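Enquirer: sharing a model that was predicted from the sequence below.
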Amino acid sequence: MGKVILITGASSGIGKDAALNLIKQGHIVYGAARRISKMKDIVEAGGHSIKMDILSNEDIDRAVDQVISEQNRIDVLVNNAGYGLWGAVETISVDEAKRQFDVNIFGLAYLTKKVIPLMRNQKSGKIINMSSMGGKVYTPFGAWYHATKYALEGWSDCLRIELKDFGIDVILIEPGVIKTEFQDVMMDSTVERSIGTPYEKKLKALEKATQEMYARGIGSPPSTITKLIIKAINSHNPKRRYVGGLFAKPMLFIKKWFGDKMYEKAIMSQIKKATKE
Ligand code: NDP
């Protein structure tokens, strides 16, 4: 029987791909995002779209109430909406950093809090949180983004233990580099912010390397992550973490088994190479 699934960030990238494939599998899918016009294909495929800014508690309340009034249950919540704020810590305002946390952590947490009582009453449910390999490893100029994903890892681990006895699973997905709109959003105003600062040259080189990398088509397709989401949904005993996508497994391996020092050497030499090319 189809499960009722609410997935955030469904207007693009991983969320859209997952929503469309979950509909194909016979599930009742509600996609949520700010850009409702970008979710027409979800509706055409037989799903539902809900306009929701994760920064708005009213939007979240309305979205969850709508799913409950139409389906009377939510079996799976996929907390996928998010973005990457990149730049030197010195050049990013605390307000921008707070917004990064509001979207990637506090909005997600508000939505999750809203869904938990329902899942608790159902005595079942799955909360799938889209973390990142960046929830375990770090890259230059990604301080605020990594801080949110490191936070999500710890938050989700604690929540898993809290909710276990209620029949609710909390699952983390840790993607590597995936070809989506993420990279455009990530580099948006990053260089502008650095102009005239000691970081300008490095950030311009990083932007160029990122653009060239994506122009060469580097990155896994979103379907790589959709497969992991489907695995987690279909499993009676899901893993705590699913890892997939370009660079994710080797990066996590190096950091875990060779330590921070070797990891930093490896990442910085790759970045130096990319920014020289
Ligand atoms: P995209 O930029 O393609 O998609 C991001 C989605 O998040 C969009 O649907 C966007 O919808 C939504 N979103 C952003 N801000 C808000 C907001 N304020 N309110 C509601 N929705 C919002 O990127 P991805 O598909 O790659 O990203 C999905 C998740 O995967 C993110 O959490 C990201 O951190 C994670 N990830 C991505 C990786 C990658 O390489 N692509 C690697 C590791 C993790 P809209 O703008 O319409 O609101």
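Expert: Yep, that arrived.
Enquirer: rest of the way, CA atoms for contacts and neighbours
Expert: Noted.
Enquirer: is the ligand within reach of the top helix by length along the chain?
Expert: Longest helix of the chain, by residue count under DSSP state H: helix 248-276. No: Helix 248-276 lies out of reach of the ligand by Cα under 6 Å from any ligand atom, never closer than 8.8 Å.
Enquirer: and for stretch 197-214?
Expert: No: using Cα under 6 Å from any ligand atom, stretch 197-214 stays clear of the ligand, with a minimum separation of 10.6 Å.
Enquirer: please pull out the lowest mean pLDDT helix or strand from the chain.
Expert: One helix or strand of the chain scores below all others by mean pLDDT, DSSP states H and E: helix 200-215, with a mean of 84.
Enquirer: that one versus helix 248-276: what angle between them?
Expert: 120 degrees (axes from the mean of the first three to the mean of the last three Cα atoms, to 10 degrees).
Enquirer: which strands and helices sit next to helix 200-215?
Expert: Using 3 or more Cα pairs under 8 Å, 6 or more residues apart in numbering; DSSP states H and E, the elements in contact with helix 200-215 are helix 190-194, helix 248-276.
Enquirer: of these, which is nearest residue 213?
Expert: Ranking those by proximity to residue 213 (Cα to Cα) places helix 248-276 first, at 8.5 Å.
Enquirer: buried sites along that closest one?
Expert: Within helix 248-276, the residues scored as buried using 16 or more other Cα atoms under 10 Å are 248, 251, 252, 254, 255, 263, 264, 267, 271, 274, 275.
Enquirer: got it, and stretch 166-174?
Expert: Neighbour-count burial for stretch 166-174, counted by 16+ other Cα under 10 Å, picks out 168, 169, 170, 171, 172, 173, 174.
Enquirer: output the set of residues of the stretch 51-200 of the chain in proximity to the ligand.
Expert: So the stretch 51-200 of the chain meets the ligand at 52-55, 80-83, 103, 130-132, 175-182 (Cα under 6 Å from any ligand atom).
Enquirer: which of these are buried?
Expert: 52-55, 80-83, 103, 130-132, 175-180, 182.
Enquirer: stretch 10-26 near the ligand anywhere?
Expert: Yes: residues of stretch 10-26 contacting the ligand under Cα under 6 Å from any ligand atom: 10, 11, 12, 13, 14, 15.
Enquirer: kindly export that stretch (C-alpha atoms) in PDB.
Expert: Below are the C-alpha coordinates for stretch 10-26, written out as PDB (Å, rounded to 0.1, in the frame of the first residue of the first chain):
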ATOM      1  CA  ALA A  10      10.700  19.200  -4.000                       C
ATOM      2  CA  SER A  11      11.000  22.100  -6.500                       C
ATOM      3  CA  SER A  12      14.500  21.100  -7.600                       C
ATOM      4  CA  GLY A  13      17.400  18.600  -7.500                       C
ATOM      5  CA  ILE A  14      17.200  15.700  -5.100                       C
ATOM      6  CA  GLY A  15      13.800  16.500  -3.700                       C
ATOM      7  CA  LYS A  16      12.100  16.700  -7.100                       C
ATOM      8  CA  ASP A  17      13.800  13.500  -8.300                       C
ATOM      9  CA  ALA A  18      12.800  11.700  -5.100                       C
ATOM     10  CA  ALA A  19       9.200  13.000  -5.300                       C
ATOM     11  CA  LEU A  20       8.700  11.900  -8.900                       C
ATOM     12  CA  ASN A  21      10.100   8.500  -8.300                       C
ATOM     13  CA  LEU A  22       8.200   7.900  -5.100                       C
ATOM     14  CA  ILE A  23       5.000   8.700  -7.000                       C
ATOM     15  CA  LYS A  24       6.000   6.100  -9.700                       C
ATOM     16  CA  GLN A  25       6.300   3.600  -6.900                       C
ATOM     17  CA  GLY A  26       2.700   4.200  -5.900                       C
END
